[in-house]
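# Let's see this in three dimensions:
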Amino acid sequence: MAVVISAARLLLPIRHSRLLLSTCPPAPFAVSAANTSSESGHAFLAPKFITSFDQKQHHRLRAFATMASQAKEIPANNPGLNDKPDEATKGYFLQQTMLRVKDPKISLDFYSRVLGMKLLKRLDFPDMKFSLYFMGYEDTDAAPADSAERTVWTFQKVVIELTHNWGTESDPDFKGYHNGNSEPRGFGHFGITVDDTYKACERFAKLGVEFVKKPDDGKMKGLAFIKDPDGYWIEIFDLKRIGQITSSEA
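Residues are numbered from 1 along each chain as shown. Down below sits the predicted model:
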């Protein structure tokens, strides 16, 4: 009598294989390298030959099982994603995000005193009447003394670039910059990793920082959002909790 294996059993990962084999009559099943997903490390049981199971349906289920076992990040699950970058892009890396600020005195205080960043480099452009402040978490004692070399050094680091257009700090008609979180929405936020989200937020509260979301607000417990002096949102999280917080979405 032919043994008919259900689709559900075909999709069981290898960690359940003992249960499957213990509940089925002896049959020529095998786990081969071809049945193992390199993305997840799971293997799937498939019959060496199929008697009463439609061959095409079997292949469809195998394809489904493979897709289900693969990570969300693979190109098959992300139309438009190219997992083989052009060789010409080798060496590219994300280096800076630019934020326009109204008053550099207030912004520099926030990013240095509240967030603990250092000023890696300042560039002034008198003819165009603006200044750039590159803030980051680098050891400035290691920065070169030569101005041009320090610029090159700075541009090898991950930084926030604060742009000040001269005069906005004293212009009574200047209403501030759009932070992207009200209509029309665009830019959202950038993130800062801290040692402990709750302790960091206790300190922020004492310093009078404005919160968008405190760690225990909403469904995603353990992460927070604060605002900088210009209203830009900053996500606050720690590595001890971020995996657990996002596990339901992983």
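# How is the chain partitioned into domains?
In terms of domains, the chain is parsed into 93-177, 185-249 (source: the TED database).
# Now do the shortest one: distance to the chain's middle.
How far domain 185-249 lies from its chain's middle: 14 Å, per CA atoms, centre = their mean, to the nearest Å.
# now for the domains of the chain, which one comes closest to residue 77?
domain 185-249 (13.9 Å; CB to CB). Quick note: C-beta positions are derived from backbone N, CA and C, even for glycine.
# Show me which parts of the helix or strand harbouring residue 193 are buried, residue by residue.
Assessed by DSSP states H and E, residue 193 sits inside strand 189-194. Residues of strand 189-194 classed as buried by neighbour count (16 or more other CB atoms under 10 Å): 189, 192, 194.
# OK, contacts around the first one?
With contact taken as CB atoms under 8 Å, 6 or more residues apart in numbering, residue 189 is in contact with 181, 225, 232, 233, 234, 235.
# Swap in 6 Å and give it another go.
233, 235 (CB atoms under 6 Å, 6 or more residues apart in numbering).
# Compute the mean per-residue pLDDT across stretch 90-106, please.
Averaged across stretch 90-106, the pLDDT comes to 98.
# again with stretch 208-218
For stretch 208-218, mean pLDDT is 98.
# From the centroid of the chain, which residue is nearest?
residue 191 (8.9 Å; CA atoms, centre = their mean).
# So that one sits against residue 236, correct?
No - assessed by CB atoms under 6 Å, residue 191 is found out of contact with residue 236, at 7.5 Å.
# next one: the host helix or strand of residue 161 to chain centre, how far?
Secondary structure from DSSP H and E places residue 161 in strand 159-165. Distance of strand 159-165 from the chain centroid (CA atoms, centre = their mean) equals 22 Å.
# Output the contacting helices and strands for that strand.
Judged by 3 or more CB pairs under 6 Å, 6 or more residues apart in numbering; DSSP states H and E, the packing partners of strand 159-165 are strand 96-101, strand 130-136.
# can you list the residues that contact the last one?
If I follow you right, that is strand 130-136. Residues outside strand 130-136 that contact it (CB under 6 Å, 6+ apart): 111, 117, 120-124, 154, 157, 159-165.
# Buried members of those residues into PyMOL, please.
Listed next is the PyMOL selection for buried residues among those, using 16+ other CB under 10 Å:
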select buried, resi 111+117+120+121+154+159+160+161+162+164+165
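# Looking at the contacts of strand 130-136, which is nearest residue 205?
Closest to residue 205 out of the contacts of strand 130-136 is residue 111 (18.0 Å), distances taken as CB to CB.
# burial measure for the closest residue to residue 222 other than its chain neighbours, as a count.
With CB to CB, 6 or more residues apart in numbering as the criterion, residue 222 has its nearest non-adjacent residue at 4.1 Å, and that residue is residue 241. Using other CB atoms under 10 Å, residue 241 has 17 other residues around it.
# Also residue 243?
Neighbours of residue 243 (other CB under 10 Å): 9.
# Give the helix, strand or coil label for it.
Secondary structure state of residue 243, per DSSP: H, G, I helix; E, B strand; the rest coil, is helix.
# And the closest residue to residue 163 other than its chain neighbours, how far from residue 226?
Counting by CB to CB, 6+ apart, residue 163 lies nearest to residue 100, which is 4.9 Å off, once chain neighbours are set aside. Residue 100 sits 19 Å away from residue 226, going by CB to CB, to the nearest Å.
# Neighbour count for those two, which is higher?
Set residue 100 next to residue 226 and count neighbours by other CB under 10 Å: residue 226 wins out with 24 against 17.
# right, and the helix or strand after the host helix or strand of the more buried one?
Per DSSP H and E: residue 226 is located in strand 224-227. Toward the C-terminus, strand 224-227 is succeeded by strand 233-238 as the next helix or strand (DSSP H and E).
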